[in-house]
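Student: Quick check, what structure comes out for this input:
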Amino acid sequence: MLEGITGIISNLPEIFSFYHLTILALGTLGGLILGALPGVSPTLSVALLVPFTFHMEPSAGLILLGSVYMASVAGGAISAILINVPGAPANIATLLDGYPMAKAGKAQEALYTCFISSFLGGVIGMIVMILLTFPLAEFALKFKAGEIFWVAMLGLTVVAGLGSGSIIKALLSGAFGILLSNIGANPTTGEFRFIFHDVLTGGIHIVAALIGLFAIPQVFMLIESFGEKHATFSTSPQKGILKKTIINNLKMPRVLAIGSVIGSIIGLIPGIGGQVAGIVAYDQAKKLSRNPHDYGTGIPQGVAAAESANNAMVGPSLVPLLTLSIPGSPTAAVLLGGLLIHGIFPGPNLFLLHGNIVHTFIGSLLLAQFVMLVFGIFLSRHSNWVMKVPALYMAASIIILSFFGTFSINNNFNDLIVMFAIGSLMYAGNKVGFAAAPVVMGLILGGIAENSFLKGMLLAKAGDGMFNYFFTGGIKITMILMCLLSLLFGAYNSIKGRKKKTAASKNDIALAIFILIFSLVLIKYGLAAKDPLTSLFPKATLVIMALLALIMLLQEIVFLSRIRKGGPEASPPPAKKHKPFPFLRIIISLALTLVYMALLDVLGFYFSTFLFFLTFTLIFCIDKKAFCQRAHVQIAIPSLLVVILYSLFSLLLNVSLPRGLLF
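Tutor: Model prediction:
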């Protein structure tokens, strides 16, 4: 247990050398910036920088990759809090309270909370890694297909508390996410499912879907608000807010402990990742809170729970990598490549053969937590700049960043189409009470659950049978009980919310009928797989969707009958003034975005971006005369944006973007 501490102490001169400190500072700052860009996930950030480490010494290369990994996880919270678009899947839970805080004029407090809790969680995670590396590696080996399946199911049941008050809609959203994860090749048989168009052949990439689910609805909501008078809130830095935030974080030890412990445990389990840690920690902190209904309204506890968990996950996710050659997360898999190119082969003998390099790397990651806190606080002080950006420019910029970030994943135009289609569908879903977070959880965990279940089923048939394999053992029983508790908690909250409902929704009745028909049609005609294993999980998901839709339909019919009989629900709610929906504005923005997408390959990303930004702001600006009088400024803004994007994506990250006919 003490070998890790003595190893780090003996390598302190290496850790604090000027060269390594410079690499650490640059990697941490770069990770924060990259993490804040929608679409540039920690995995992509590390992968883009692997070539830069070819000519570095092994310890420096690993410090660069490790610091970028750690900082990009925290950096993703910047865009989640400021523009409601998570920089990476790990920051999904952060926006649930972070963005409401920003809208209430507390962006700086939300960011301070983010980086302070990330620092505390990250330090705890690193300490766990340093002290308990080998015992934790043995614990991680106990998680086989059956255990991983139930961990995934726990994450899926957590969605019951992530919706807009209705457990049925939350579970339907999660089931839809699972359905999206089933598109493409089956992980066991290799057969394809739901390939209705060539665009879907490669399946749904999680980052493309993430950007679509959060960024595109946010854009359309901004477009809806063009020209309206908004309630003003303070965007200037507040004196004493840092001290106040530190004190507030110290007053929530239970929330930070929940996040750090859950993050450390989930980080150990190979293949799960920080996105699950953040959501599960947020859910557990909400369940154990005295005021669970405050979560989602903009409270620091929600940000602290999510961010302490996803940063606590970083250190333990490297434990199975360093000791067993098993990456604990997708980013850890890229780090494995970084180790191998330097001739370092992880395994039980790693600390004997390359002890100095590994201990320098681990010690630098611990130091990186402090560097990240300093840089994060500095960036937080200037968050007011983002909050002052007009909605018109913000909407155009989010669309552009979404397209650049999505294309940079695989250099594939199909990802752009999928991203925009899913985002448009989510925008419509938001209007009828569906939330994006459960969809993302279903998409992330659907593949993990299916792969683990199919593997477990094959092993069970060759061994002691399905029941013994999936329902016996301490870890599995614990996970099953936690799944049941999550469902019961979600049902309790849904029933409490339903008691406050005063009118039946005809939209919900029509929606339930549509989902029921949709599910039955896909069960009958959507799958034509030869191997039954290929269609097992998708059919089970569709059956669950049909049952949930039927329950939702019956609920609304019963509620409607009570109203007609003059029950307590019959009293009409106070009339609300509904503003007219801006159909024309939404249609024009859709058309502009589709034209922009079509021109990207013809005119190139940069020239198309310039034209789109200029056209978008011209069409939707209220005062056309003032726009024309300030034409030089209106042209300078998209020009500067293009220069920044070119410097970042083409020069720094070396992402290959189409130049088009004009270049």
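Student: And the residue most central in space within the chain, how close does it get to residue 522?
Tutor: By CA atoms, centre = their mean, the chain has its centre lying nearest to residue 89, at 2.0 Å. Between residue 89 and residue 522 the distance is 26 Å, computed by CB to CB, to the nearest Å. Where you see a C-beta, it was placed from the backbone N, CA and C, and this is true even at glycine.
Student: For this protein, just list every one of the strands.
Tutor: Per DSSP state E, the chain carries strands over the ranges 184-185, 192-193.
Student: So in that sheet, which strands flank the first one, and in what orientation?
Tutor: To tie it back to what came earlier, the one meant is strand 184-185. Next to strand 184-185 in the sheet, as set by DSSP bridges, lie strand 192-193 (antiparallel).
Student: Check the offset of the strand it pairs with from the chain's centre.
Tutor: Here strand 192-193 is found 25 Å from its chain centre; the criterion is CA atoms, centre = their mean, to the nearest Å.
Student: before we move on, what about stretch 477-484?
Tutor: Centre to centre, stretch against its chain (CA atoms, centre = their mean), the figure for stretch 477-484 is 24 Å.
Student: which other residues reach that stretch?
Tutor: Identification of contacts with stretch 477-484 by CB atoms under 8 Å, 6 or more residues apart in numbering yields 147, 150-151, 153-154, 157, 471.
Student: for the stretch 451-600 of the chain, which spans come out with low pLDDT?
Tutor: The model of the stretch 451-600 of the chain has pLDDT under 70 over residues 493-506, 526-529, 563-579.
Student: how about the helices in it?
Tutor: Here the stretch 451-600 of the chain has its helices, by DSSP state H, counting those that start in this stretch, at 466-471, 474-499, 506-521, 532-564, 583-603.
Student: Dump the C-alpha coordinates for stretch 341-357 into CSV.
Tutor: Only the C-alpha atoms of stretch 341-357 are listed here, as CSV (Å, rounded to 0.1, in the frame of the first residue of the first chain):
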residue,chain,number,x,y,z
ILE,A,341,4.6,3.5,-28.7
HIS,A,342,7.3,4.2,-26.0
GLY,A,343,7.9,0.5,-25.5
ILE,A,344,6.1,0.4,-22.1
PHE,A,345,3.9,-2.7,-21.7
PRO,A,346,1.4,-2.4,-18.9
GLY,A,347,1.0,-5.4,-16.6
PRO,A,348,2.0,-6.8,-13.2
ASN,A,349,5.7,-6.2,-13.9
LEU,A,350,5.2,-2.6,-15.0
PHE,A,351,6.2,-1.1,-11.7
LEU,A,352,9.4,-3.3,-11.5
LEU,A,353,10.5,-2.5,-15.1
HIS,A,354,9.5,1.1,-15.5
GLY,A,355,8.9,2.2,-11.9
ASN,A,356,10.5,5.7,-12.3
ILE,A,357,8.4,6.5,-15.3
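Student: on that earlier part again, tell me which of the helices of the stretch 451-600 of the chain sits most buried.
Tutor: Neighbour counts (mean count of other CB atoms under 10 Å) averaged over each of the helices of the stretch 451-600 of the chain peak at helix 532-564, with a mean of 18.
Student: Any figure for the gap between residue 353 and residue 346?
Tutor: Taking CB to CB, one finds residue 353 at 10 Å from residue 346.
Student: which of those two has more neighbours?
Tutor: Neighbour count, other CB atoms under 10 Å: between residue 353 and residue 346, residue 346 has more, with 21 against 11.
Student: Of the strands of the chain, give the one that comes closest to residue 172.
Tutor: Comparing those by their distance to residue 172 (CB to CB), the top pick is strand 192-193, with 19.6 Å.
Student: Cheers, nothing more for now.
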